[in-house]
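Chemist: Give the three-dimensional model of this entry:
(2 chains)
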Amino acid sequence: MGIGLAFIIVLGLILFAYIGTDVLGLDILFAVIFPYAAFVIFLIGFIQRVVKWGKSPVPFRIPTTAGQQFSLPWIKYSKIDNPSTGWGVALRMFFEIAFFSSLFRNTKADILNGRLYVGTNKWLWIGALAFHYCFLIILVRHLRFFVGETPWCISLIDSIDSFWQIGLPMLYMTDIIIALALLYLLGRRIFNTQVKYISLPSDYFPLFLILGIVATGILMRYFAKVDITNIKELTLGLAYLNPTVPKGIGSLFYIHLFLVSVLFAYFPFSKLMHMGGVFLSPTRNLANNNRMKRHVNPWDYPVKHRHYEEYEDEFREKMKKAGIPVEKE
Amino acid sequence: MAGLPKPEELISKVNLKKMPPKKWMDTLPVEFKPNFYCYGAKGKNLEYVNFPNARDWSPTDPDWKLPEDWKKIVIEGIKQRIERFRTFHVFMDICVRCGACADKCHFFIGTGDPKNMPVLRAELLRSVYRKYFTVGGKLFGRNGGARDLDLDVLKELWYYFYQCTECRRCSLFCPYGIDTAEITIIGRELLNLLGLNTDWISGPVANCYRTGNHLGIEPHTMKSTLEFMCNDIEEITGIKIEPSINRKGAEILFITPSGDLFADPGIYNAMGYMMLFHEIGLDYTWSTFASEGGNFGFFTSMEMAKRLHTKIYEEAKRLKVKWIIGGECGHMWRVWHQYHNTWYGPVNFLEEPVSPITGTKFENAKSNKIVHISEFTADLIRHGVLKFDKSRNDNLIVTFHDSCNTSRGMGLFEEPRYIIKNVCNHFYEMPDETIREQTFCCGGGSGLNAGEIIELRMRGGFPRANAVRYVHEKFGVNILANICAIDRATLPPLMDYWVPGMRVTGVTELVANAMIMKGEKERTMNLRMEPLPGKEE
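Modeler: Residues are numbered from 1 along each chain as shown, chains lettered A, B, ... in the order given. Below is the predicted model:
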């Protein structure tokens, strides 16, 4: 549902940036105003969303337990998948966020000749992990545009990423992998009938948007060979809140920057907020120690319930006759 | 089973890859297929526990007799729950529709209905949430994944929230831990604001409020039921047991789901509890008021669940016991383990549980003071307190079904296995993808064990049955053990349908069968009064 719409919108955004800079020459709008606005929206929106979630209390301690509970001392329990301590929870969250451990568990079910078969299925895990880590590395690599001298750690990541030393400028592995991962993630929304059926325009849109960002980035680095000195002057100016817009930056760069701006501005209002939400998920970030340690519900209120006295009043005669002890004879 | 197609026919039409030609938002109104929905609640049952909009009602009625401002009630209800439950709030916002949950649901696997994919079940409500609570939904409407709440949408919500057993299998696989059980629980709460309950749930809830148990067993009947069981025990073992009922000053209060007092094979488990406690000389009592560990209130609203469960600690206080042992049950243990302490605690009037037999301190239950019978029994066995003649169970080739709630809402895996391996010689596991935390539902949890939805149950139970059939064919497994009263009610018909000849048992029944009791006569019968292996005429 809505793949065409999402594609057209991203195409429209590209065209908008192209016309805006190449035809109308609104460089300042695309180089300064949009990026700043997007960054502010991202920051405020992200924080606001997380605060809003945080304001909703956690009335009950309901972790999804994925291993043996802590019980008798001689039974080995799953310290990470079914944590009973804060440390266990921290580890569980670490593996969840750093390695997508729940997704690693993924299986595939199918019915053949009236029998159900369930097998492992790691493709989504591989694709998701590849995408997210490449995105992170690329983001970190880009920091060199925002500091005068590239710090050693960024250079290190850079040199690892271009380890194979192919071509000039040297080819980044992450550029290839993120493109493949994105195409895989998009492909399964098109070819996997179940995923296709559940997909909304807002599922395709970020995929096309990020594909657009990746494509323009790759074009700039390997093919169009844009003037990196000018661009760095611009980005440094942005970072130091003293923006200057040098002449001669092609619209390809502005398209790239505009799509990034859209991504940032869109982020807090979209499903991309899973990045913040995963930390707050009560089925993952709580210890399974409900019987050991009482969890308090901040909005708990007294409820009307049946009292023993009422019960006995209703059944006293029957109880007495049956020889069941009663409070009032 | 009457009216049902043959098993092969039932499942051969299911295609998990073929989706309907129409988009899911365009498939309204939902068709209420007979055998897929429960009967509507009776007014008197709703009224008895002060539920709103109490009236007789049927899902197929065109007019659901809703209050005039029903839409406002639902929207306000969503708002209140967004503000009260971080789970609900976060889960409404962060799903990326990756589809990892899609084929994890037993109802999707058994029906092929895409709205039974957990992601889509949640989207049914999420789309309404977006419309009234998010910028994107308000601005972009349908293109933003949002839709208006109207009567057709409400009916769809009802239909599908009563096709979810709250088993949490999807939640295990979700990269963000989105828990459809939580969404279904809240979805049903919203429906209950309009009196849209089922007969199968609201009846037991009203019973439980009045008599203390779902089945409506009155105190004198409970006593005679227990005595009847004790007569059978005497016939089998030669040992006369006299159970205490409502006895003040006992050390332990024992509570089990009332299903164990009522029907085969649960009653054998109840006999097993009494034999076990007698053998170790446990100072315990039953209660006729706290005569239900299960909680169908949990399938209506958190508040109702709390209202029903309060009696358990109240009764423990009145009877002045030190702590509580709970019998074998699934959702009862989800509630006791994850909710009860929060609702009622701090439970200062009870003592931290210590086994009077072995001296073991149950550290994991030191705050809420409730120990699971499997934890208790495993500890007894570990300390060599019990003597067994395992050969009495030699005719049984056993596999173990992990109940959803004790698996994904607790993590009780090793205790029952340890017990079974100590009392049976033949034990085989089902495939890894179908046991422990990945276990498949029996198809009838969360109040869906009603007779009128037998086809839905056979479909939903298919993944479980499929795995049982596998070990049946491979290892000759002939009995399915479990620690859940709902399982003991739902698995027998499921097995009759998919794996004929497969029997169902509680774990404590196996224990009592093999347990050598002090002063017992030579046993020739098992608890079901069938000849023991080698004792056939």
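
Chemist: C-alpha from now on. contacts and neighbour counts both.
Modeler: Fine.

Chemist: and the next element down the chain from the longest helix anywhere in chain A?
Modeler: Taking DSSP state H as the assignment, the helix of chain A that covers the most residues is helix A:34-55. With elements assigned by DSSP states H and E, the helix or strand that comes after helix A:34-55 is helix A:86-99.

Chemist: Quick one: neighbours of the nearest residue to B:P531 once chain neighbours are set aside, just the number.
Modeler: Counting by CA to CA, 6 or more residues apart in numbering or on different chains, B:M525 is the residue found nearest to B:P531 once chain neighbours are left out, at 4.4 Å. Close neighbours of B:M525, defined as other CA atoms under 10 Å in any protein chain shown, add up to 18.

Chemist: Next one: B:M525 from B:T508, what distance?
Modeler: To B:T508, B:M525 is 16 Å away according to CA to CA, to the nearest Å.

Chemist: go on, B:S58?
Modeler: B:S58 is 40 Å from B:T508, by CA to CA.

Chemist: show me what contacts residue 114?
Modeler: Just so you know, I chose chain A. Applying CA atoms under 8 Å, 6 or more residues apart in numbering or on different chains, one finds that A:G114 lies in contact with B:8, B:11-12.

Chemist: um, chain B though
Modeler: Counted by CA under 8 Å, 6+ apart, B:P114 has contacts A:194, B:19, B:108, B:120.

Chemist: Let me have those in a markdown table, extended by neighbour count, secondary structure and pLDDT.
Modeler: Listed next are the contacts of B:P114 as a markdown table, based on neighbours: other CA atoms under 10 Å in any protein chain shown; DSSP: H, G, I helix; E, B strand; the rest coil; pLDDT from 0 to 100:
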| residue | neighbour count | secondary structure | pLDDT |
| --- | --- | --- | --- |
| A:Q194 | 22 | helix | 96 |
| B:M19 | 16 | coil | 96 |
| B:F108 | 23 | helix | 98 |
| B:L120 | 22 | helix | 97 |
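
Chemist: just curious, which of the residues you listed is nearest to A:I41?
Modeler: Nearest to A:I41 among the contacts of B:P114 is B:L120, at 30.3 Å by CA to CA.

Chemist: show me what contacts that closest one?
Modeler: So B:L120 contacts A:198, B:114 (CA under 8 Å, 6+ apart).

Chemist: my guess is the residue nearest to B:P531 meets B:E537, correct?
Modeler: No - with contact defined as CA atoms under 8 Å, B:M525 does not count as touching B:E537 (11.3 Å).

Chemist: Please, where are all the strands along the chain?
Modeler: Since no chain was named, I'll use chain A. A:107-112, A:115-120 (DSSP state E).

Chemist: please go with chain B instead
Modeler: So, for chain B - with DSSP E - the strands run B:252-255, B:284-285, B:323-326, B:370-372, B:398-400, B:479-482, B:503-506.

Chemist: Distance from the fourth one to the middle of the chain?
Modeler: Just to be clear, that refers to strand B:370-372. Mean-position distance between strand B:370-372 and its chain equals 17 Å (CA atoms, centre = their mean, to the nearest Å).

Chemist: Partner strands of that strand, with direction?
Modeler: Sheet partners assigned to strand B:370-372 using DSSP bridges are listed as strand B:323-326 (parallel).

Chemist: How about the second one?
Modeler: Based on DSSP bridges, the strands next to strand B:284-285 in the sheet, each with its direction, are strand B:252-255 (parallel).

Chemist: who's in contact with A:V147?
Modeler: Residues in contact with A:V147, defined by CA under 8 Å, 6+ apart, are A:236, A:239.

Chemist: same thing but 7 Å
Modeler: A:V147 makes contact with A:L236, according to CA atoms under 7 Å, 6 or more residues apart in numbering or on different chains.

Chemist: Quick check: which ranges of the chain have low pLDDT?
Modeler: Just going to use chain A. Applying pLDDT under 70 to chain A picks out residues A:1.

Chemist: Please refer instead to chain B.
Modeler: By pLDDT under 70, the low-scoring segments of chain B are B:1-2.

Chemist: in it, which helix has the most residues?
Modeler: Per DSSP H, chain B has its longest helix at helix B:219-237.

Chemist: Distance from that helix to the middle of the chain?
Modeler: That offset, for helix B:219-237, works out to 26 Å (CA atoms, centre = their mean).

Chemist: what about it and chain A, touching?
Modeler: Yes - using CA under 7 Å from any CA of the partner chain, we find that helix B:219-237 touches chain A at B:219-220.

Chemist: Buried residues of that helix, list them for me.
Modeler: The neighbour-count check on helix B:219-237 (16 or more other CA atoms under 10 Å in any protein chain shown) flags B:219-220, B:222-223, B:225-226, B:229-233, B:235-237 as buried.

Chemist: again with stretch A:182-192
Modeler: A:182-186, A:188-190.

Chemist: Next step: those residues restricted to helices.
Modeler: Those of these lying in helices (DSSP H): A:182-186, A:188-190.

Chemist: how about those residues in TSV, adding distance to chain B?
Modeler: Formatted as TSV, these follow (distance: CA to the nearest CA, whole Å):
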residue	distance to chain B
A:L182	13
A:L183	14
A:Y184	12
A:L185	9
A:L186	11
A:R188	9
A:R189	9
A:I190	12
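
Chemist: Tell me the one of those nearest B:N482?
Modeler: Distances from B:N482 to those, taken by CA to CA, are shortest for A:R188, at 38.4 Å.

Chemist: What is the neighbour count of the residue nearest to that closest one when sequence neighbours are not counted?
Modeler: In this structure, A:R188 finds its nearest non-sequential neighbour in A:V195, 6.8 Å apart by CA to CA, 6+ apart. For A:V195, the neighbour count with other CA under 10 Å is 20.

Chemist: what do you get for B:W24?
Modeler: Residues near B:W24, counting by other CA under 10 Å: 17.

Chemist: Take the strands of chain B and lay them out in TSV including distance to A:L15.
Modeler: As requested, these are exported to TSV (distance: least, CA to CA, whole Å):
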stretch	distance to A:L15
strand B:252-255	70
strand B:284-285	78
strand B:323-326	67
strand B:370-372	65
strand B:398-400	61
strand B:479-482	63
strand B:503-506	66
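
Chemist: so can I have TSV of these showing mean neighbour count?
Modeler: As requested, the strands of chain B are exported to TSV (neighbours: other CA atoms under 10 Å in any protein chain shown):
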stretch	mean neighbour count
strand B:252-255	25
strand B:284-285	24
strand B:323-326	24
strand B:370-372	25
strand B:398-400	26
strand B:479-482	24
strand B:503-506	24
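
Chemist: Can you check which of those strands gets nearest to B:E520?
Modeler: strand B:284-285 (21.3 Å).

Chemist: Run through the residues that contact B:I94.
Modeler: Applying CA under 7 Å, 6+ apart to B:I94 gives the contacts A:271, A:273-274, A:277.

Chemist: The same query, at a cut-off of 8 Å, please.
Modeler: Counting by CA under 8 Å, 6+ apart, B:I94 makes contact with A:270-274, A:277, B:176.

Chemist: same check, this time on A:F46
Modeler: Remark: with contacts taken as CA under 8 Å, 6+ apart, A:F46 is in contact with A:267-268, A:273.

Chemist: Just the buried residues out of those residues, in ChimeraX syntax.
Modeler: Selection of buried members from the contacts of A:F46 for ChimeraX, criterion 16+ other CA under 10 Å:
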select /A:267,268,273
